[in-house]
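Novice: coordinates for the following, if possible.
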Amino acid sequence: MKAMKHELKPVNFKLDLDLRNYLWETRTCMGCVMCKYGDWTYVPSAEEYDFSWVCPEWEWGVMEHYGTAGQIKIVGGLLLGDLSVDHPTVREVAYRCHLCGGCDVSCKRNLDLEILMMHEALMVHLVNAGAGPMPQHKVLAERIERTGNYFGNEAKDRMAWAKEGVRVAKKADLLYFVGCYAAYKYPAIATSVAQILNTAKVPFMIMEGQICCGYKLFTTGLVADVTAVASNTIRKINDLGVKRVVTECADCYRMLKVEYPKVLNMATQDLGFEVLHIAEYADMLIKEGAIKPKKEFPEKVTYHDPCGLGRLSEPWIPWEGIRDPDDWGKLKPRREFRRGTNGCYEPPRNILRSIPGIELVEMRRHHSNAFCSGSCGGVREAFPEQQAFETDVRVREANHVGAETIVTPNPRTLEVFEESLARMNADGISKNIGEVRERFVGAEKSLGVRSLNVKRARDLASLLAAAI
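Specialist: Numbering: from 1, shown residues only. Model (predicted):
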C-alpha cells in the first residue's frame, strides 16, 4: 500500500501589523533564548555577565513570560484560541516590552523570525480587541491629540527656541523637524542643531503647524492614530518641496524613516525626501570641512546607541508572498531582512573622535547589541519602576568601563540618564546592584559595588555645537 502524500498549502504572509501573520514565529521558535542574551562574545568575565542581557524587561522581570521566549507562546495561545486577550498577564507582558528590537536582532543571528514585528502586532491586536493600551497611555494619547505634543504644552510655543540669532530660512532644501523634547524640555538642543547648520552656512526651514511624530502612539499599538499623522506629515513635507529632513531625536528619526512607511505600506525610498539624524548630517559637514570642532573637552566619554537611531533605523521595505512548506518554509519571492547591522552607528562616533580632548571608550554592549536605555516604548509611563531599574543598569555599564560622560543623540534618553545619575549620586548604584543580586543566584559573588565615576550625561548635538 502506497503512503499517502500529505499536501501542504503555501502559507500567505505579509510583513505588516496583523498578528495572524506571525503564527509561523510561534510554531518555529525553538526556545534557544538568544533573544535574552544577545551575543555572548560581549561577556568576557563572570562580573560582566550582568551586562550580557539584550532584553531589558526580561532582566527586570526574570521570568520567561517577560521575554520573547515566553511572549511567543502567549501569542501562539492567542492565535490558536487557547488564551484570551482579557487575561491580565497578556496586557501586562505586552506593555512591559520596550519594542527596542534587541530580541529581533539576536534572533536573526539564528532563525530570521520577525520577532519585533510580532511584538508590535500584538499591541495593535490588543488595542483592536479593546484590551489595550494601558490607562496611562490613553491619557497620553488624549494629551497629544489635544495639544499636538507629548507634554501638553501650547502649540504656539513649539518654536519658542528659535530666538534672535537663529537664522531660519523661509524656503530651503533642508527641513529641520523639531521633536517635542527639543522644542519644549531641552530647547538648547534645538538651538544647537540650528547653530551647527548656521555655522556650516546650510539654509534650513521649519514646518508651520508641526505636531508630535506619534512615536508613543505607535509603540502602544494606536496605529490608526499614527497612520493619520504619518499621512498628513509626509504630505506637508512633500508640499514644502524639501529634499532632506533632519531631526535631533532618534524617535522622530525612526518614525519618519521607518514607521511611517510601514503603516502606509510604502518603502522608505518612496517617501520623496531623505531622512537624516543631525549626527549623520553633521558628520558629513565635518568631512566636507564646513564645520570644524576646535574647543577641547578633556573627558573620557562613552556613547550610547539609541535603539531608534541604531538597530531600528534600517530603511523599511514592504514585502508580501508565501512561506513554502514543501521547500523548507522558504520565503517566495526572496526578501531582504532588516538585521540591525546597517543602522546609524559610526557618524556619532566620528563626531566624538573629531572633538579635541575626548577619549572614546565603548560599553560592553554597543552598536546593534546595545542595551536599551529604558526610554523606548510606553514603559516609562506605565511602569516607571521597571524603567528606572533598566536605566540604572545601563548607567552602571558606562561606569564599569570608566567613563566620565555618557553621550547620547536622543533627548528622551538624555532625560532618563540624568534622572539615573541623580539616583546614583544618592547611593543608587548600591541599590541597583542589590536588586540584581536579589534576582540572580550567584550574582552576590560576581557583582561588586564600584565608586561612581560617571559625572554627567550630554546630548551629542549640544556637545558638537559647543566645540565648533
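Novice: so how far is residue 305 from the residue nearest to residue 299 when sequence neighbours are not counted?
Specialist: The shortest distance from residue 299 to any residue other than its chain neighbours is 4.8 Å, reached at residue 405 (Cβ to Cβ, 6 or more residues apart in numbering). C-betas here are computed from N, CA, C, even on glycine. Noted for residue 405: a distance of 16 Å to residue 305, by Cβ to Cβ, to the nearest Å.
Novice: which of these two has more neighbours?
Specialist: residue 305 (29 against 21; other Cβ atoms under 10 Å).
Novice: could I get the pLDDT score of the residue nearest to residue 299?
Specialist: pLDDT for residue 405: 98.
Novice: so what's it bridging to?
Specialist: Taking DSSP bridges as the rule, residue 405 bridges to residue 301, residue 456.
Novice: wouldn't it be in contact with residue 304 here?
Specialist: No - taking contacts as Cβ atoms under 8 Å, residue 405 lies outside contact range of residue 304: 10.7 Å.
Novice: count the residues that sit near the closest residue to residue 401 other than its chain neighbours.
Specialist: Once flanking residues are discounted, residue 401 sits nearest to residue 361: 5.1 Å by Cβ to Cβ, 6+ apart. Using other Cβ under 10 Å as the criterion, residue 361 is surrounded by 13 other residues.
Novice: ok, residue 326 next?
Specialist: Neighbour count of residue 326, defined by other Cβ under 10 Å: 11.
Novice: roughly how far apart are it and residue 150?
Specialist: On the measure of Cβ to Cβ, residue 326 and residue 150 end up 49 Å apart.
Novice: please apply the same query to residue 433.
Specialist: Counting by Cβ to Cβ - residue 433 and residue 150 are separated by 32 Å.
Novice: sec struct for residue 118, please.
Specialist: Assigned with DSSP: H, G, I helix; E, B strand; the rest coil, residue 118 falls in the helix class.
Novice: mind listing what it touches?
Specialist: Contact partners of residue 118, counting by Cβ atoms under 8 Å, 6 or more residues apart in numbering, are 19, 22, 25, 72, 75.
Novice: can you do 7 Å?
Specialist: Counting by Cβ atoms under 7 Å, 6 or more residues apart in numbering, residue 118 touches 22, 25, 75.
Novice: most neighbours among those, which one?
Specialist: If you count neighbours using other Cβ under 10 Å, the busiest of the contacts of residue 118 is residue 22, which has 26 neighbours.
Novice: isn't that residue up against residue 113?
Specialist: No - counting by Cβ atoms under 7 Å, residue 22 stays clear of residue 113, with 8.4 Å between them.
Novice: the nearest residue to residue 307 once chain neighbours are set aside: which element?
Specialist: Counting by Cβ to Cβ, 6+ apart, residue 100 is the residue found nearest to residue 307 once chain neighbours are left out, at 4.3 Å. Following DSSP states H and E, there is no helix or strand that holds residue 100.
Novice: also residue 246?
Specialist: Per DSSP H and E: residue 246 is located in strand 244-247.
Novice: near residue 339, how many other residues are there?
Specialist: Neighbour count for residue 339, taken as other Cβ under 10 Å: 16.
Novice: residues in contact with it?
Specialist: For residue 339, the contacting residues are 105, 108, by Cβ under 7 Å, 6+ apart.
Novice: try it again with 6 Å
Specialist: Residues near residue 339 by Cβ atoms under 6 Å, 6 or more residues apart in numbering: residue 108.
Novice: let me know the secondary structure of it.
Specialist: The three-state label given to residue 339 by three-state DSSP is coil.
Novice: for it, give me the pLDDT.
Specialist: Looking at residue 339, its pLDDT stands at 94.
Novice: what do you get for residue 400?
Specialist: The model's pLDDT for residue 400 equals 90.
Novice: so what's it up against?
Specialist: With Cβ under 6 Å, 6+ apart, residue 400 has no contacts at all.
Novice: so how far is residue 387 from it?
Specialist: According to Cβ to Cβ, residue 400 stands 20 Å off from residue 387.
Novice: one more: residue 362?
Specialist: 24 Å.
Novice: which one's more surrounded, those two?
Specialist: Per other Cβ under 10 Å, whichever of residue 362 and residue 387 has more neighbours is residue 387, with 28 against 14.
Novice: for the more buried one, what are its contacts?
Specialist: So, once contact is read as Cβ under 6 Å, 6+ apart, residue 387 ends up touching 374, 379, 380.
Novice: export whichever helix or strand the last one is part of to PDB, keeping only CA atoms.
Specialist: The one in question is residue 380. Using DSSP H and E, the element containing residue 380 is helix 379-382. What follows is helix 379-382, C-alpha atoms only, in PDB (Å, rounded to 0.1, in the frame of the first residue of the first chain):
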ATOM      1  CA  VAL A 379       7.200  51.500  29.700                       C
ATOM      2  CA  ARG A 380       8.200  54.800  31.300                       C
ATOM      3  CA  GLU A 381       4.600  56.000  31.500                       C
ATOM      4  CA  ALA A 382       3.000  52.700  32.700                       C
END
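Novice: average pLDDT across it?
Specialist: 97.
Novice: check the offset of the helix or strand that that helix is followed by from the chain's centre.
Specialist: The element immediately downstream of helix 379-382 (helix or strand, assigned by DSSP H and E) is helix 384-400. Its chain's C-alpha centre lies 16 Å from the corresponding centre of helix 384-400 when counted by Cα atoms, centre = their mean, to the nearest Å.
Novice: next one: stretch 151-159
Specialist: That offset, for stretch 151-159, works out to 24 Å (Cα atoms, centre = their mean).
Novice: which residue ranges form the strands in this protein?
Specialist: 11-14, 174-177, 244-247, 274-277, 300-303, 320-324, 330-332, 359-361, 405-408, 456-459 (DSSP state E).
Novice: show me where the stretch 1-150 of the chain has its helices.
Specialist: Secondary structure of the stretch 1-150 of the chain (DSSP state H, counting those that start in this stretch): helices at 23-28, 34-37, 56-61, 68-79, 88-95, 102-107, 115-128, 135-147.
Novice: which of the residues in the fifth one are buried?
Specialist: When neighbours are counted by 16 or more other Cβ atoms under 10 Å, the buried residues of helix 88-95 are found to be 90, 91, 93, 94, 95.
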